[in-house]
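J.: Kindly return the folded structure for what I paste below:
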Amino acid sequence: MQYMIRFTQVHETFRLAEIQALAVLEAIDLEVLSYSPSSPFCIIKLPSEEAAIRLVKRSILAKAVYEVWGSGSSYEDLHDNVRGISQHLWPKYKDSSFKFSLDSFQGSRSTTEQRKIIEGFRFLGFEGPIKMKGAEQDFCILEEWQFDAAALGVYQPQTVHLGRFLSGSEREIIGKYDLKKRKYICTTSMDAELALITANITLAAPGKLFYDPFVGSGSFPVACAHFGALAFGSDIDGRSIRGKGKASLISNFVQYELTNNFGDSFIADLTNTPLRTTRLFDGIVCDPPYGVREGLKVLGSRDPTKGKEPVYRDGKAHHTEPGYIPPKRPYSFLAMLDDILEFASVSLVDEGRLSFWMPTSNDQDQEIKIPLHPCLQITSVCTQPFNRWSRRLITYRRIPDSEVVAGTTQERAKENGVNADDLNPFRKGYFQGFKAAFR
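T.: Below you'll find the predicted structure:
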């Protein structure tokens, strides 16, 4: 049976990735029959109505899902198509209460026009009462108009569909997690909508362990906890975790009554993690620092000849004192990306997912290449464009060891340079206007 997902017309490159991820999570056989980033209407094939409802119930970018009763390039074509493909369904709803509504994308209809269009479906033969609220069946006429149709003198839509409403999504939850209403945020807190989408694409769900190695104020752990995962996080800067006064990372879990889904947080960087090497996590989600405002750093000494022996002052180990600030050294942006993939390869369970955000130039000649790893397979790349640069959400799945090609290795990025610009091509390009920074 064919169904239609009515998407919201934002974050277009994320929509299909989210729905396909939810199909994996729900073990649904999904076939995409028709999809375009420029349209909010996506035609899919699913095994059942129940599968369609499960598919969109926690989607952030879908608005609703409909059972397709017909499609056409005009209302005459639509009426013919409805008679041809859905006539066997009409008797099931003959005596049900019902309502009709009109959804015009990039177009508008007057009340008189809407009534005339709806009355054109009298041939369906419904005899039940009309109820604008609480109807048993909700039918929607969906129109897609050419962009700027009115200005171009176009008075008819390009395509029209008739669908029976099955279910809405969880898009309204964005308002609950809006950063403007959150107890504790910092300068790098991820937008609530994108954090929830990231959690969906990474398959956050009850019974799963999720980890954010650049946790900040906890945007991703909160989103993962909302979907039932047990969330952990760490950060090199303990101030972001501890917060200030009564506001801290854990305040957000208290605010949303998600404390049962908060595992713990700790101070560490990815290259000096206290976690033992074991394949434990079902998902890793993060927005690593881009190093624009200040250069990237990790724990360690700038002097490579210095070891890790404890330093003692007045007979006390310096690192045990309350005011101790560990030394940090410059860190290569490209090396950080490689370290994230390597950590995921040894920390994710089979079929576990890694999702991280990565900036890049919009100029193809200056684009930062997507990092690869022999144990990780890319499942989706979603792009959020800005002016001269974009950021991409890259998602990988941890393939089973039996599927890893023996003898394959990925060459690590070389750390050439000592200052922030030399170690970070994105930072260098950002301040040079992405002109000659990468050449």
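
J.: And residue 69, how close does it get to residue 87?
T.: Computed as C-beta to C-beta, to the nearest Å, the residue 69 to residue 87 distance reads 9 Å. C-beta coordinates here come from the backbone N, C-alpha and C atoms, glycine included.

J.: higher neighbour count, those two?
T.: Between residue 69 and residue 87, counting by other C-beta atoms under 10 Å, residue 69 is the more crowded of the two (24 against 14).

J.: What distance do you get for the more buried one to residue 121?
T.: 9 Å.

J.: Common neighbours of these two, please.
T.: Here residue 69 and residue 121 have 82, 139, 162 as joint contacts, going by C-beta atoms under 8 Å, 6 or more residues apart in numbering.

J.: The residues you listed in strands, which ones?
T.: Taking DSSP state E, the ones among the shared contacts of residue 69 and residue 121 that sit in strands are 139, 162.

J.: Compare the shared contacts of residue 69 and residue 121 and tell me which is most surrounded.
T.: residue 162 leads the shared contacts of residue 69 and residue 121 on contacts (other C-beta under 10 Å) with 25 neighbours.

J.: and it, bridged to which residues?
T.: The partner list for residue 162 in beta bridges (DSSP bridges) reads residue 70, residue 141.

J.: That one and residue 70 touch, don't they?
T.: Yes - Residue 162 lies in contact with residue 70 (C-beta atoms under 8 Å); the separation is 4.8 Å.

J.: hey, what's in contact with both of those two?
T.: Counting by C-beta under 8 Å, 6+ apart, the shared contacts of residue 162 and residue 70 are 78, 82, 86.

J.: Show me which of these is closest to residue 317.
T.: Nearest to residue 317 among the shared contacts of residue 162 and residue 70, counting by C-beta to C-beta, is residue 86 at 76.0 Å.

J.: who's in contact with that closest one?
T.: Applying C-beta under 8 Å, 6+ apart, we find residue 86 in contact with 68-70, 162.

J.: repeat that with 6 Å
T.: Applying C-beta atoms under 6 Å, 6 or more residues apart in numbering, we find residue 86 in contact with residue 69.

J.: any idea how far it lies from residue 197?
T.: Distance from residue 86 to residue 197, counting by C-beta to C-beta: 33 Å.

J.: what do you get for residue 387?
T.: According to C-beta to C-beta, residue 387 and residue 197 sit 22 Å apart.

J.: what does residue 104 give?
T.: Taken as C-beta to C-beta, the span from residue 104 to residue 197 is 26 Å.

J.: Could you check which of those two has the larger neighbour count?
T.: A count of neighbours by other C-beta under 10 Å puts residue 197 above the other of residue 104 and residue 197, at 25 against 18.

J.: Now the more buried one: closest residue in space that isn't a chain neighbour?
T.: The shortest distance from residue 197 to any non-neighbouring residue, by C-beta to C-beta, 6 or more residues apart in numbering, is to residue 60 (5.0 Å).

J.: Can you tell me the element that neighbour falls in?
T.: Under DSSP states H and E, no helix or strand contains residue 60.

J.: and it, how many neighbours does it have?
T.: A count of nearby residues for residue 60, using other C-beta under 10 Å, gives 27.

J.: and it, backbone torsions?
T.: Note on residue 60: backbone dihedrals following degrees, to the nearest 10 are phi -100, psi -30.

J.: need the contact list for it.
T.: Residues counted as contacts of residue 60 (C-beta under 6 Å, 6+ apart) are 171, 196-197.

J.: Mind picking the one among the residues you listed that's closest to residue 393?
T.: Nearest to residue 393, judged by C-beta to C-beta, of those is residue 197 at 7.9 Å.

J.: can you confirm that closest one is in a helix?
T.: Yes - per DSSP: H, G, I helix; E, B strand; the rest coil, residue 197 lies within a helix segment.

J.: Please determine how far it is located from residue 88.
T.: For residue 197 relative to residue 88 (C-beta to C-beta), the value is 38 Å.

J.: With residue 147 instead?
T.: Going from residue 147 to residue 88 by C-beta to C-beta gives 37 Å.

J.: Looking at these two, which one has more neighbours?
T.: residue 147 (12 against 7).

J.: Excluding chain neighbours, what is closest to that one?
T.: In this structure, residue 147 finds its nearest non-sequential neighbour in residue 106, 5.7 Å apart by C-beta to C-beta, 6+ apart.

J.: cool, residue 195 as well?
T.: Of all residues not flanking residue 195 in the chain, residue 223 sits nearest, at 4.0 Å (C-beta to C-beta, 6+ apart).

J.: what's the weakest-modelled helix or strand in the protein?
T.: Lowest mean confidence among the helices and strands of the chain (mean pLDDT, DSSP states H and E): helix 420-423, at a mean of 53.

J.: what about the helix or strand hosting residue 224, distance to the chain center?
T.: Element membership for residue 224 (DSSP H and E) is helix 219-226. Relative to the chain's own centre, helix 219-226 is displaced by 12 Å; criterion: C-alpha atoms, centre = their mean, to the nearest Å.

J.: what do you get for stretch 81-101?
T.: With C-alpha atoms, centre = their mean, you get 36 Å for stretch 81-101.

J.: Same check on stretch 40-50?
T.: The answer for stretch 40-50 is 20 Å, by C-alpha atoms, centre = their mean.

J.: Just list the residues touching the residue nearest to residue 270 when sequence neighbours are not counted, thanks.
T.: Nearest non-adjacent residue to residue 270, counting by C-beta to C-beta, 6+ apart: residue 213, 5.0 Å away. Contacts here follow C-beta under 6 Å, 6+ apart; on that basis residue 213 touches 234, 270, 286.

J.: Quick check: the second one touching residue 338?
T.: Right, the one you point to is residue 270. No - with contact defined as C-beta atoms under 6 Å, residue 270 does not count as touching residue 338 (10.6 Å).

J.: who's more crowded, those two?
T.: Between residue 270 and residue 338, counted using other C-beta under 10 Å, residue 270 has the larger neighbour count: 20 against 17.

J.: Adding distance to residue 282 and pLDDT, write the shared contacts of residue 69 and residue 121 out as CSV.
T.: Output for the shared contacts of residue 69 and residue 121, formatted as CSV (distance: C-beta to C-beta, whole Å; pLDDT from 0 to 100):
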residue, distance to residue 282, pLDDT
82, 44, 98
139, 40, 98
162, 41, 98
